[in-house]
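Asks: Kindly return the folded structure for what I paste below:
(2 chains)
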Amino acid sequence: MIKRSVHIFTRFERLWHWSQMSLIMVLLFTGFRIHGFYELIDFEMAVTVHTYAALSLLLIWAFAIFWLFTTGAWKQYLPTRKGLLKVAKYYAFGIFKGERHPYKKTYTRKHNPLQAISYLILKIMIFPAIWITGLAYLTYGFWDSSSLPLEWIAVIHTISAFAISVFIIAHVYLLSTGGSIKEHIKPMITGFDEVYLTEEEVAYLETHEPQNIKPEE
Amino acid sequence: MLEINSDRKKPSTLSYKLYFALLFLIQSGFAFANSSSEQHSVKGIDEYSVLKKNNATSLIEAAVESDAMVDHSEFDELKGPFKDGPAVTKACLGCHNKAGHAFMKNKHWTWKYTDPDTKQQLGKSVLINNFCTNARGNEGMCAQCHAGYNMVDSNFDFSNQDNIDCLVCHESTGKYYKTPTTSGSAACSIMFEGKEPINWSKSAQSVAMPGRENCGSCHFFGGGGDNVKHGDLSSALIAPTKDVDVHMAVEGNDFSCTQCHVGEKHQWSGSRYQGVPVKDKHKSKPGMRNETASCASCHGAQPHPLSLIGLKLNDHTKKVACETCHIPEFAKGGVATKIDWDWRTAGKTKDGVGYNDSNYVQGNGEHRHTYKSIKGDFKYDENVKPVYLWSNGKSHYTTIDTKFDPAKPVVINSVEGTVAGEDSRITPFKRMHTIQPYDKGNNTLVYMHLWGDDPDSFWGNYDFGRAIEHGMKQFDIPYSGEFGFIDSYSYWPINHMVAPEEDALKCDSCHSKEGRLKGIKGVYMPGSGEYKWMDIIGLLAIFATLAGVIGHGLLRFFMNKRRKAHD
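Replies: Reported below is the predicted structural model:
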């Protein structure tokens, strides 16, 4: 295996990540106002911004889902037990002893197993929970809201928001592990990250996609 | 009824699609969003209502024209002279020969209402309120607001159309007035002195469609003075500005009462006994007159503009009455309403004579009575925030034969309404508090004999015991002989004094920790701080994660340092 700097995050993926990140921050900020944690901005403004931000995010997700399935990138998120325990052990113990991160990023698996499973849970459970309840709440005038109490929709929505907040805290903290924060953020800006390639992969990239692989240093 | 209900439950697939289409169009910044919101910026009056409004306009114009075509002052029949009111009525009925029979079915005449569910007898002729308490037995005074002549006691002949008072509603000179039909105690005679005699023929010749002064002569002054009773009906509505009443504003729509309280065959919409909740289904068919005095009958049940907030506000109409947001305050325009009445202090005299104190100066500068020997102590308020209750428009009344628990305040009219009720809305009310006499032995309210030129009438003799004894005996109501005083509440729906759009409540008025609807149970109101357990769990999870990552980070930092020191 050869470690090389490869373009693994496409422009769309990076755009998706950062717009999602900003919209989620806006949604958390306005959402917690609507929920009543603070009353700095007025409710009407919070509802307006929250709704438009949410609809924008849904639109981005629609594109992202399309992208994931058409490019086959969805396979990156498939859960695997291989190496999962090792990564968990690393964060629980090894990291304090100065061990190296046990996972080697490859071209086809750019997330470590723990990362992949948390992103998968986020994608198939928490995000759907929040957008389904959000849309249900937004449109309750169009269905019979006596069949499903609004408060339960709101409760699921809010609990999902708490779960996302927890994810963000952990996600941001993990930037600081196994190298510098800059090193972790940079790939999401430039698209290039150090991954392990097979000789065949190197040969293929150097021949057919030289723009996607940096020359050896 | 059933059919219409099931209809309501089905979401309209068309509007559903439209909604999403629109949201996404707005979303993508498509110009259509702008133009469509402009199209709907004619707030509240939807297409259907515009149609109806046009009908209404033609009706109004027709009425104005008919004034030109029929000038009552030229009729020989109305030349007079008339010796009294009934003589004028005879002349009216001479031409309007069906009007009398129609009118005599009306509550302004019958003072009766039978609760369709309980068959309870309600209406002014029998009810007890927590102002002057009872008209029954005091007709001599109270029948000044009966749309008839000669109602001297409870034995009035309701089948004699000659006693209909056409003028009180139709005359337009403004110089017409009514006086008590019987004489009260000498202590009260001063109240009606110094009035110019009525010119019957002039009044008869002036007849027209009822103006707000006509309706207002009773409805603004119910309970013994300007705005005493309702809170949202006062002389301030005779020539209001827009901020007092957006519909009746002289420099605005300039609606008279009958613009909304449309009558057919002398029956009017707008009952306080069986109110009509906000509903589209009460919109009348094209070409028909709309007999429902409700906001929705003109504005529809989805009155807000097609924008995000507009759509959310339209959702609110399922649970919140229009008035809740659009009448943030009542008793506006400088005229106060009575909010508290203590009968216990009635009967004090100075040198043996009853007296009045006027220690409240209201917005328009007028002094209001704060004490009257005949009534007790009062409190007033202006620009009052309503209280909010679930209401389906119906009330349950405490009548003369209702027994209650004297340990708790008596609710004169308990408002019916539940969260689940399809007809129920969160509705604003004026709450009137009174401490009034009751029968201590039987735990019922009492009829008091207030008015009369006899030794038992309270207004003149100031003796509760005799006044109650007399009032009860007169109608064969059991009385224990012992009276006490009890707290009572009555609830007056607030429907008038609608504020201009910009003064309507904002989202934050309710969607906040100390919002207006704080006491309202059963609906989820984001921002009001409900579901504390969820907040606790959520915040704990966030703090635990924060503590976890900080701990993890610190541990890494120190272990790292130690390792470096070892190296």
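Asks: hey, let's count contacts and neighbours off CA atoms from now on
Replies: OK.
Asks: what does the domain assignment say about chain B?
Replies: B:2-39, B:535-567 (automatic domain parsing).
Asks: rank these by pLDDT, which is bottom?
Replies: Sorting the domains of chain B by mean pLDDT places domain B:2-39 lowest, at a mean of 40.
Asks: what's near enough to touch the residue of chain B found nearest chain A?
Replies: Using Cα to the nearest Cα, the closest approach of chain B to chain A is made by residue B:527 at 3.8 Å. Contact analysis of residue B:527 by Cα atoms under 8 Å, 6 or more residues apart in numbering or on different chains lists A:33, A:34, A:35, A:36, A:37, B:511, B:512, B:513.
Asks: Look at the first one and say how many residues are nearby.
Replies: Okay, so that is residue A:33. When neighbours are defined as other Cα atoms under 10 Å in any protein chain shown, residue A:33 has 24 of them.
Asks: any idea how far the host helix or strand of residue B:297 is from the chain center?
Replies: Using DSSP states H and E, the element containing residue B:297 is helix B:295-299. The chain centroid and the centroid of helix B:295-299 are separated by 17 Å under Cα atoms, centre = their mean, to the nearest Å.
Asks: repeat for stretch A:98-106
Replies: Chain-centre distance of stretch A:98-106: 20 Å, with Cα atoms, centre = their mean.
Asks: Kindly report the same for stretch A:46-58.
Replies: Counting by Cα atoms, centre = their mean, stretch A:46-58 comes out at 19 Å from the chain centroid.
Asks: Can you list the buried residues in that stretch?
Replies: The neighbour-count check on stretch A:46-58 (16 or more other Cα atoms under 10 Å in any protein chain shown) flags A:46, A:47, A:49, A:50, A:51, A:52, A:53, A:54, A:55, A:56, A:57 as buried.
Asks: give the contact list for the closest residue to chain B within chain A.
Replies: Residue of chain A nearest chain B, by Cα to the nearest Cα: residue A:36 (3.8 Å). Residues in contact with residue A:36 (Cα under 8 Å, 6+ apart) are B:511, B:512, B:513, B:526, B:527, B:528, B:529.
Asks: rerun at 10 Å
Replies: A:30, A:43, B:511, B:512, B:513, B:525, B:526, B:527, B:528, B:529, B:530 (Cα atoms under 10 Å, 6 or more residues apart in numbering or on different chains).
Asks: can you tell me which of the residues you listed are in helices?
Replies: A:30, A:43 (DSSP state H).
Asks: what would the contacts of residue A:36 look like in a markdown table with pLDDT and distance to residue B:104?
Replies: Shown next, in a markdown table, are the contacts of residue A:36 (pLDDT from 0 to 100; distance: Cα to Cα, whole Å):
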| residue | pLDDT | distance to residue B:104 |
| --- | --- | --- |
| A:30 | 97 | 60 |
| A:43 | 95 | 52 |
| B:511 | 94 | 48 |
| B:512 | 91 | 51 |
| B:513 | 89 | 52 |
| B:525 | 90 | 47 |
| B:526 | 91 | 51 |
| B:527 | 90 | 52 |
| B:528 | 87 | 51 |
| B:529 | 82 | 54 |
| B:530 | 80 | 53 |
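Asks: Between the contacts of residue A:36, which sits nearest residue B:351?
Replies: Comparing those against residue B:351 with Cα to Cα picks out residue B:513 as the nearest, at 54.2 Å.
Asks: would residue A:63 count as being in a helix?
Replies: Yes. Under DSSP: H, G, I helix; E, B strand; the rest coil, residue A:63 falls within a helix.
Asks: Not counting residues beside it along the chain, what's closest to the residue nearest the centre of chain A?
Replies: For chain A, the residue nearest the mean C-alpha position is residue A:119 (5.8 Å; Cα atoms, centre = their mean). Spatial nearest neighbour of residue A:119, excluding adjacent residues (Cα to Cα, 6 or more residues apart in numbering or on different chains): residue A:77 at 7.1 Å.
Asks: Quick one, grab the pLDDT at that neighbour.
Replies: 89.
Asks: Could I get the phi/psi values of it?
Replies: When read as degrees, to the nearest 10, the backbone of residue A:77 gives phi -100, psi 0.
Asks: Around chain A, which positions in the stretch 351-500 of chain B sit nearby?
Replies: B:420, B:422 (Cα under 10 Å from any Cα of the partner chain).
Asks: which stretches of the stretch 351-500 of chain B form strands?
Replies: B:353-354, B:356-357, B:360-361, B:367-368, B:371-372, B:376-381, B:387-391, B:395-397, B:410-411, B:413-415, B:425-439, B:444-445, B:483-493 (DSSP state E, counting those that start in this stretch).
Asks: next one: chain A
Replies: A:2-7, A:192-197 (DSSP state E).
Asks: Give the other helices and strands that the last one contacts.
Replies: What that stands for is strand A:192-197. Counting contacts by 3 or more Cα pairs under 10 Å, 6 or more residues apart in numbering or on different chains; DSSP states H and E, strand A:192-197 is packed against strand A:2-7, helix A:181-190, helix A:199-208.
Asks: tell me which residues of the second one are tucked away?
Replies: Going back to what we said before, that points to helix A:181-190. Buried residues in helix A:181-190, counted by 16+ other Cα under 10 Å: A:184, A:187, A:188.
Asks: Is chain B within reach of it?
Replies: No. Helix A:181-190 lies apart from chain B when judged by Cα under 10 Å from any Cα; the minimum separation is 13.1 Å.
Asks: next one: stretch A:163-172
Replies: Yes. Stretch A:163-172 reaches chain B (Cα under 10 Å from any Cα) through A:163, A:164, A:165, A:166, A:167, A:168, A:169, A:170, A:172.
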